[in-house]
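Colleague: Just need the structure, nothing else, for what follows:
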Amino acid sequence: MQTAPLVIPRHIVQQRFRPPKKNIPQTPIQRNHILQVVRNYVAEHSPVPPLPVEELKVHAELVVKMLNCDPLYCDYIGVLINNEMWRETLASVPYERRLLLLPKCLRVESKCPAPFDEFGLLCKQCGLCTIQDLQTEAEKLGYAVLVAEGSAIVMSLIQTGKIEAIVGVSCLSVLERAFPYMEAAAIPGVAIPLLQDDCIDTTVDLDWIWEYIHLTSDDKTRRLDLASVRNEVDSWFTGDSLEKIMGPIEGETEQIAREWLARAGKRWRPFLTVAAYQALREAPGAPLPEDIRKVALAVECFHKASLIHDDIEDNDAMRYGEKTLHEEHGVAVALNVGDLLIGEGYRLIGACRASAEQKAEMLLIASQGQRQLCRGQGAELCWARTPRPLTQTQVLDIFRKKTAPAFEVALRLGALYAGIEQHEEVADALANYSEALGIAYQIRDDLSDLGSKGETNDIAGLRPSLLLAVAYEKAKNDQKAQLESVWCRSPQVGINPEQIEALYTELKADERARQLYETYKEEAIRCLRDVENPNLKGLLRRVIGKIFNDTEIKGWCREFEAKNAANRLTEVSVAG
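Modeller: Sure thing, here's the model as predicted:
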């Protein structure tokens, strides 16, 4: 199968995935849940910074009780509380009056070519670790950047009067030692704890670093509640709302189509349409105009039509835990309903109250996205006629063509509804962002499909899988022959999904897939580097966290989730 070249970011081969220390939550989902609880706590109780460390510990202990989590997390939660207290103050400090402090242990020590001077590491921009990207972006914004540890250097910079806020990355032990200096100087500071504290080849939650680096009061969407936006979008897909937006139902075919639209689904694509519009409109956060519903609904019509056709082509029997449309109504009816939904999408765009120029551009972008999606699906279908092993890059290219176009269409239609000029300024960035976002999203789906509880199983369904590509490239001898039989759909070889998944684990294919997943999430953030609009830049960065932390990847601590669910409604007040 011939595919267009797709470049995998260079530093991906160097990413390290090591479990955090016991005093740090193990997964991004756990960490983000704790962060959300902390933010709610600070918003409710309004502690005033700078707090003495003893008072900070009191607040941290109360949050630990609210979460019913391990008391070992107390220091970690204290850091998060301190961050949230300073959050809005940091946002008001100009970038050029801030210091970004990075630890040298983020580098790949065995391969790092950078020397040191009295101020710390002199990065050689080799691309082997994330220091280069963080330093480059921060300096572009105006930050002073140090790659060093030591309170003496930080205090000397503070005393010059040129530094008014600090964003620091460090292990908990260093943060604890530095806290008294920060408290004494009353310098606004946020800290992102390292996930390990053994001072070599450490890792960090990059999403949080990017968020804090770019935090600015110029971003008028920074307080926008994305969960509320998503809930509002979801409310548009009830039967009554669909009739209000699309008009009354005419005939059984439309009835089936509306029921399919109203079925379960994540509805990220219409959410992205609304997010892009909110970021680029003149008054971000104001009530949404009625007409944006038509644009967002059009995006979901295109997506749901593609699922109908995809299920037929893949011969899938289940979707959303129910029968697929062709299993329920037959292939002919399902094909027709899918075609109707495509037509409905174009009708809704044409019916919205945008300018003729806006609507013409929307229709063009939607049609281009439809073509690209069909090319991606077509590449997979053509492979299925003469199946053979695919490389990681070839599978990722299928993901790029099949999944990314829908995200790009969603974002660009929202931007266009905000205005032609607004869209022109960000069109290229949205395309690049969508590509990385779509690939990460599809890798996440591959990982989520693992195990008996996966919604679909790529092994049983004989679909191209990143995990299968990685495992095949790493396998040798009998293992390679076994995996090749899966790729080639050899009829004489019985395929046991559990056995193949065991090979994934043995060959660390799942670990590699997670590395790629994290890297393409990071790549999506990098794509926003040249976006000048602070509202769009900030909102799309938070969207990544919303999309990828909203759904679990199997394997994280279910006991922790159960505790959270049981104690989520607990109310704790601060004594005194």
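Colleague: Show me the strands in the stretch 151-300 of the chain, by range?
Modeller: In the stretch 151-300 of the chain, the strands defined using DSSP state E, counting those that start in this stretch lie at 165-170, 189-193.
Colleague: Please name whichever of the ones you listed is nearest to E96.
Modeller: Of all the strands of the stretch 151-300 of the chain, strand 165-170 sits nearest to E96, with 10.8 Å by C-beta to C-beta. The way it works is simple: take the backbone N, C-alpha and C, and place the C-beta from them, glycine included.
Colleague: Can you give me the domain assignment for this protein?
Modeller: Using automatic domain parsing, the domain parsing of the chain gives 10-217, 226-561.
Colleague: hey, which of the strands of the stretch 151-300 of the chain is tucked in deepest?
Modeller: Neighbour counts (mean count of other C-beta atoms under 10 Å) averaged over each of those peak at strand 189-193, with a mean of 26.
Colleague: List the contacts of it.
Modeller: Contact partners of strand 189-193, identified using C-beta atoms under 8 Å, 6 or more residues apart in numbering, comprise 24, 76, 79, 82-83, 86-87, 90, 165-172, 175, 182, 204-205, 208-209, 212.
Colleague: residue ranges of the helices in the stretch 101-250 of the chain, please?
Modeller: 131-141, 151-159, 172-185, 206-214, 226-235, 239-246 (DSSP state H, counting those that start in this stretch).
Colleague: Next: the stretch 251-400 of the chain.
Modeller: 251-262, 268-280, 292-314, 325-329, 331-351, 356-385, 392-402.
Colleague: thinking again about what came up before, with respect to E54, which of the strands of the stretch 151-300 of the chain lies nearest?
Modeller: strand 189-193 (18.2 Å).
Colleague: D225: neighbour count?
Modeller: 10 (other C-beta atoms under 10 Å).
Colleague: distance of it from K546?
Modeller: Separation of D225 from K546 (C-beta to C-beta, to the nearest Å): 10 Å.
Colleague: go on, C301?
Modeller: In terms of C-beta to C-beta, C301 sits 23 Å off from K546.
Colleague: Settle this for me: R258 is touching G239, isn't it.
Modeller: Yes: assessed by C-beta atoms under 8 Å, R258 is found in contact with G239 at 6.7 Å.
Colleague: Give me the more crowded residue out of those two.
Modeller: Neighbours were counted for R258 and for G239 using other C-beta under 10 Å; R258 has more, 19 against 13.
Colleague: and that one, what pLDDT?
Modeller: pLDDT, R258: 95.
Colleague: Pull the contacting residues for it.
Modeller: By C-beta under 8 Å, 6+ apart, the neighbours of R258 are G239, L242, E243, M246, I249.
Colleague: again, 10 Å this time
Modeller: F237, G239, L242, E243, M246, I249, V337, L341, E344 (C-beta atoms under 10 Å, 6 or more residues apart in numbering).
Colleague: Can you tell me how far D311 is from R39?
Modeller: 39 Å.
Colleague: These two: which has the busier surroundings?
Modeller: D311 (22 against 15).
Colleague: Let me know the pLDDT of the more buried one.
Modeller: 91.
Colleague: picking up where we left off before, what sits in contact with each of R258 and G239?
Modeller: I249.
Colleague: wait, L101 sits on G168?
Modeller: Yes: in this structure, L101 is within contact of G168 by C-beta atoms under 10 Å, at 4.2 Å.
Colleague: where's T505 relative to E84, distance?
Modeller: Distance, T505 to E84, using C-beta to C-beta: 38 Å.
Colleague: scratch that, R97
Modeller: From R97 over to E84 the distance is 21 Å, taken as C-beta to C-beta.
Colleague: which of the two has more neighbours?
Modeller: Using other C-beta under 10 Å, the more surrounded residue of R97 and E84 is E84, with 19 against 14.
Colleague: which residue sits closest to that one, ignoring its sequence neighbours?
Modeller: Nearest non-adjacent residue to E84, counting by C-beta to C-beta, 6 or more residues apart in numbering: V42, 4.1 Å away.
Colleague: which stretch in the domains of the chain has the least confidence?
Modeller: Taking the mean pLDDT of the domains of the chain, domain 10-217 comes last: a mean of 78.
Colleague: that older thread, quick check: the residue nearest to E84 touching V63?
Modeller: Yes: V42 lies in contact with V63 (C-beta under 10 Å); the separation is 9.4 Å.
Colleague: intersection of neighbour lists for those two?
Modeller: L80, I81.
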